[in-house]
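[1] sharing a model prediction with you, sequence too.
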Protein chains: 2
Amino acid sequence: MHKFYGIGVGPGDPELLTVKAAKKLSELDVLVVPQSKSGGTSEAHQIASPYLTPKTTILYRHFPMTTDTEAMMAAIEPIALEIEALVNEGKDVGFVTLGDPMIYSTYIYLLKFIKDAVPIETMTGISSYSAIASGTNQPLVEGDMPLLIYPCIEDLSDLDQKLQDYEALVLMKVYRSFDAIKALILKHGLENYCVIVSDFGKPGEKRFNSIQSVSFEDIRYFTTIIINKRWSK
Amino acid sequence: MHKFYGIGVGPGDPELLTVKAAKKLSELDVLVVPQSKSGGTSEAHQIASPYLTPKTTILYRHFPMTTDTEAMMAAIEPIALEIEALVNEGKDVGFVTLGDPMIYSTYIYLLKFIKDAVPIETMTGISSYSAIASGTNQPLVEGDMPLLIYPCIEDLSDLDQKLQDYEALVLMKVYRSFDAIKALILKHGLENYCVIVSDFGKPGEKRFNSIQSVSFEDIRYFTTIIINKRWSK
């Protein structure tokens, strides 16, 4: 039975793919690679490339980087139809996506279209926050604590309360509002209970030991903060 | 440089180990395997076994299954000292742990003791909830939604509010209070927005399509519920 495979490639290091995903990449007939700019490079493709073989046809397709869901869906629909047609022709078709395919990924929008059209197998991947926690030996959560994964996209009005209510948090996409987030972390006395990493696992990776000395100019677009009130440095 | 390696083996399928963890397992001098009962089997060991070679000495050590942190720490301290001694003797020593080593694992307690004593490398693994989400094609979280990972251990008094406040939740350890949790999910009208899986990836795996028809007798000890208000079945 031919399928569409949504493949999580993890946060950056090709060795963080699962054994299963690495194997499947080597067997595909077609791999659809998302590009944010036409003709641009694809990070997910680079991570997957050690496992690809000449038998796989690569199709580059444009996925807009946008928070406008309608624009995203309009761009994705023809790609979804193309994938369905390829599977129906008897091809095994893959799609590579960064991190865990079920957490904040473009793949989820693709899945909405393809859902019941052809058989789908999603192959799990390592999320960036899990990789950062292990990579810095910083536990995310223990015992009976809940863990809050919190994307700092626009409205930060409830972050103050979240930092009060939860012992374990992952703050994602902290780039745009970094100064406000830093001020809140200091206000809650969490400077010794957090880890900040930019571009984890990439050539320009930056880890910061103390949030006090970090400013907006120091961090990069992909920056994550892990907070665990039961784990001091 | 010799190290202590904390290795996440994922939720059950040996192919869900990362390529990096699989490789490291084949290179270790010593592997410490946690047993909850003396002489009992170890699930983490079984998952790792396809990658182990005869060069690795296996040490079975008893880790109590308890929520009593003091009893846990007392049992773990001599094991931590033994691991430190082995690394200082020039051995690469591994420890296998289910799922993601930084999420609700016994490894975190071991890390507390060993922290600054010898070099440590934690090798990330797939969490059970990530594997379940991909395995059921059920997205965890998209867009600007936070994701709440919530262990249903004892006090469920705030779960009603959490189900109100969050659009995306993972309810872990739902076994003991299943009837109360089910009633809350139905109260919030979430029956078409959740997935329930027992023993994911194991021989006795059970997936339930509708929470209405599931009772306490149907589920097993390891049961997880994924809720996503933006993803109906």
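    Structure received.
[2] downstream of the helix ranked longest in chain A, the next helix or strand is which one?
    For chain A, the longest helix by residue count, based on DSSP state H, is helix A:69-88. Next helix or strand after helix A:69-88 toward the C-terminus (DSSP states H and E): strand A:93-97.
[3] any residue of the helix or strand following that next one up close to chain B?
    Using DSSP H and E, the helix or strand that follows strand A:93-97 in sequence is helix A:107-114. Yes. Applying C-beta under 8 Å from any C-beta of the partner chain, one finds helix A:107-114 touching chain B at A:108, A:109, A:111. All C-beta atoms are positioned from the backbone trio N, CA, C, and that covers glycine.
[4] now do the same contact list for the last one.
    Contact partners of residue A:111, counting by C-beta atoms under 8 Å, 6 or more residues apart in numbering or on different chains, are A:6, A:120, A:122, B:137, B:139.
[5] next: residue A:172.
    A:104, A:128, A:129, A:149, A:150, A:151, A:152, A:224.
[6] can you count the residues close to the last one?
    If I follow you right, that is residue A:224. 24 (other C-beta atoms under 10 Å in any protein chain shown).
[7] what bridges to it?
    Beta bridges link residue A:224 to residue A:197, judged by DSSP bridges.
[8] I figured it hits residue A:174, correct?
    Yes. Contact criterion C-beta atoms under 8 Å: residue A:224 and residue A:174 qualify, at 6.9 Å.
[9] tell me the most packed of the contacts of residue A:172, by neighbour count.
    Neighbour max across the contacts of residue A:172 (other C-beta under 10 Å) = residue A:129, 27 neighbours.
[10] how about that residue, secondary structure?
    helix (DSSP: H, G, I helix; E, B strand; the rest coil).
[11] just the pLDDT at the closest residue to it other than its chain neighbours, thanks.
    Spatially, and ignoring its direct neighbours in sequence, residue A:129 is nearest to residue A:170 (4.4 Å; C-beta to C-beta, 6 or more residues apart in numbering or on different chains). pLDDT recorded at residue A:170 is 98.
[12] assign a three-state SS to residue A:170, would you?
    Assignment for residue A:170 (three-state DSSP): strand.
[13] so who does it touch?
    Applying C-beta under 8 Å, 6+ apart, the residues near residue A:170 are A:129, A:140, A:147, A:148, A:149, A:150, A:224, A:225, A:226, A:227.
[14] spatially central residue for chain A, please.
    Geometric centre of chain A, nearest residue: residue A:99, 3.8 Å, by C-alpha atoms, centre = their mean.
[15] so how far is residue A:183 from that residue?
    Separation of residue A:99 from residue A:183 (C-beta to C-beta, to the nearest Å): 28 Å.
[16] can you check residue A:103 too?
    For residue A:103, the distance to residue A:183 - C-beta to C-beta - is 27 Å.
[17] neighbour count winner among these two?
    A count of neighbours by other C-beta under 10 Å puts residue A:103 above the other of residue A:103 and residue A:183, at 28 against 12.
[18] beta-bridge partners for the more buried one, please?
    Where residue A:103 sits in a bridge, its partners, by DSSP bridges, are residue B:141.
[19] ranges for the helices of chain A?
    A:19-25, A:43-48, A:69-88, A:107-114, A:128-135, A:159-165, A:178-187.
[20] domains for chain A, by residue range?
    A:4-123, A:128-228 (automatic domain parsing).
[21] looking at these, spot the one closest to residue B:232.
    Checking the domains of chain A against residue B:232 by C-beta to C-beta gives domain A:4-123 as the closest, at 10.7 Å.
[22] contact partners for the residue of chain A positioned farthest from its centre?
    Relative to the centre of chain A, the most outlying C-alpha is that of residue A:89, 30.7 Å out, by C-alpha atoms, centre = their mean. If you count contacts by C-beta under 8 Å, 6+ apart, residue A:89 has none.
[23] and the pLDDT at it?
    On the pLDDT scale, residue A:89 gets 97.
[24] next one: residue A:202
    Value listed for residue A:202 in the pLDDT field: 85.
[25] number of nearby residues for it?
    14.
[26] how near is the residue nearest to it when sequence neighbours are not counted to chain B?
    Spatial nearest neighbour of residue A:202, chain neighbours left out: residue A:12 (5.1 Å); criterion: C-beta to C-beta, 6+ apart. Noted for residue A:12: a distance of 12 Å to chain B, by C-beta to the nearest C-beta, to the nearest Å.
[27] which residues are in contact with residue A:12?
    Residue A:12 neighbours (C-beta under 8 Å, 6+ apart): A:43, A:47, A:131, A:200, A:201, A:202.
[28] pLDDT score assigned to it?
    93.
[29] try residue A:27
    Residue A:27 is given a pLDDT of 98.
[30] try residue A:157
    89.
[31] repeat that for the one 5 residues further on.
    The score at residue A:162 is 97. That number is its pLDDT.
[32] about what we covered before: filter the contacts of residue A:12 to the buried ones?
    Taking 16 or more other C-beta atoms under 10 Å in any protein chain shown as the criterion, what is buried in these is A:43, A:47, A:131, A:200, A:201.
[33] before we move on, the earlier item: for the contacts of residue A:111, work out which two are farthest apart.
    Farthest pair in the contacts of residue A:111, by C-beta to C-beta: A:120 and B:139, 11.9 Å.
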